[in-house]
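Engineer: Fold the following and give me the result.
(chains A and B)
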Amino acid sequence: RKEVEQDPGPFNVPEGATVAFNCTYSNSASQSFFWYRQDCRKEPKLLMSVYSSGNEDGRFTAQLNRASQYISLLIRDSKLSDSATYLCVVNMAGFQKLVFGTGTRLLVSP
Amino acid sequence: EAQVTQNPRYLITVTGKKLTVTCSQNMNHEYMSWYRQDPGLGLRQIYYSMNVEVTDKGDVPEGYKVSRKEKRNFPLILESPSPNQTSLYFCASSLGGVSNTGELFFGEGSRLTVL
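Structural biologist: Numbers count the residues shown, from 1 in each chain, chains lettered A, B, ... in the order given. As a prediction, this is how the structure comes out:
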């Protein structure tokens, strides 16, 4: 079983739509959680951290469910510029390693 | 401008011909790491370094070497490249490790093809 699993998509949505991605992780000792964004043929960049209490950054909301070991990312009012691959990322306490999911691809169309 | 710089960005080589991918960061970061990205497998860590002269294996270190003689540089060495090392390679750095902030700054990537 992969340490971090994501639906690869693609998710095809129209502009203005709300879209949600989920990600599950296998190691209950995981401590820190993040979403990264990767544009086609570019490097990944940190989108946001995910806190137990949930957190919001503009149109983006991230939530963590430790009991079920999943993380979610909600994007409201999708823009064309949101088209990218979204990577779910997990870190275990004491380990200097980020474990990346394979990513969920989002395509926002006019 | 704060950045992580990798070279070369693109390389086609042949089996067995030693090559080095350089990585340099200008942010005075202590932590540096190499990842490879393959379709269906995502990003996998090859090696990382917590500081000068301190390196450690990641998940897929076989066939690779690294060194950290200076804080800013973290080259990736393929002593005898093989076709299964054809991949997209990313160097990344972080101020003090990833266990808390999780923020890695990535280079633009180096696409390597081994024939």
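Engineer: How many neighbouring residues does A:Phe11 have?
Structural biologist: 19 (other CB atoms under 10 Å in any protein chain shown). For the C-beta atoms, the positions are set from N, CA and C on the backbone; glycine is no exception.
Engineer: burial of the residue lying closest to it once chain neighbours are set aside, as a residue count?
Structural biologist: Nearest residue to A:Phe11, sequence neighbours excluded (CB to CB, 6 or more residues apart in numbering or on different chains): A:Leu106, at 5.0 Å. If you count neighbours by other CB under 10 Å, A:Leu106 ends up with 21.
Engineer: what do you get for A:Glu43?
Structural biologist: Number of residues near A:Glu43 (other CB under 10 Å) recorded here: 21.
Engineer: so who does it touch?
Structural biologist: When the contact criterion is CB atoms under 8 Å, 6 or more residues apart in numbering or on different chains, the partners of A:Glu43 are B:90, B:106-109.
Engineer: So for it, what pLDDT did the model give?
Structural biologist: On pLDDT, A:Glu43 comes in at 96.
Engineer: How much space separates it from B:Arg9?
Structural biologist: 11 Å (CB to CB, to the nearest Å).
Engineer: what residues are shared contacts of these two?
Structural biologist: B:108-109.
Engineer: Go through chain B and flag its longest strand.
Structural biologist: For chain B, the longest strand by residue count, based on DSSP state E, is strand B:42-51.
Engineer: pLDDT averaged over stretch B:46-64 - what is it?
Structural biologist: Mean predicted lDDT for stretch B:46-64 stands at 95.
Engineer: Contacts (any at all) between chain A and that stretch?
Structural biologist: Yes - if you take CB under 8 Å from any CB of the partner chain as the test, stretch B:46-64 does meet chain A, through B:48, B:50, B:56, B:58-59.
Engineer: mind checking how far the longest strand of chain B is from the chain centre?
Structural biologist: 7 Å (CA atoms, centre = their mean, to the nearest Å).
Engineer: Format the CA atom coordinates belonging to stretch A:50-65 as PDB.
Structural biologist: Presented in PDB, the C-alpha positions along stretch A:50-65 are these (Å, rounded to 0.1, in the frame of the first residue of the first chain):
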ATOM      1  CA  VAL A  50      -3.000  21.400   6.800                       C
ATOM      2  CA  TYR A  51      -3.800  21.800  10.400                       C
ATOM      3  CA  SER A  52      -6.000  19.700  12.600                       C
ATOM      4  CA  SER A  53      -8.400  22.500  13.100                       C
ATOM      5  CA  GLY A  54      -8.600  23.100   9.400                       C
ATOM      6  CA  ASN A  55      -7.400  26.200   7.600                       C
ATOM      7  CA  GLU A  56      -8.400  28.500   4.900                       C
ATOM      8  CA  ASP A  57      -6.500  30.600   2.500                       C
ATOM      9  CA  GLY A  58      -8.700  32.600   0.200                       C
ATOM     10  CA  ARG A  59     -10.600  30.200  -2.000                       C
ATOM     11  CA  PHE A  60      -8.700  27.200  -0.700                       C
ATOM     12  CA  THR A  61      -9.700  25.200   2.400                       C
ATOM     13  CA  ALA A  62      -7.700  22.300   3.800                       C
ATOM     14  CA  GLN A  63      -8.900  19.800   6.400                       C
ATOM     15  CA  LEU A  64      -7.400  16.900   8.200                       C
ATOM     16  CA  ASN A  65      -9.100  13.900   9.700                       C
END
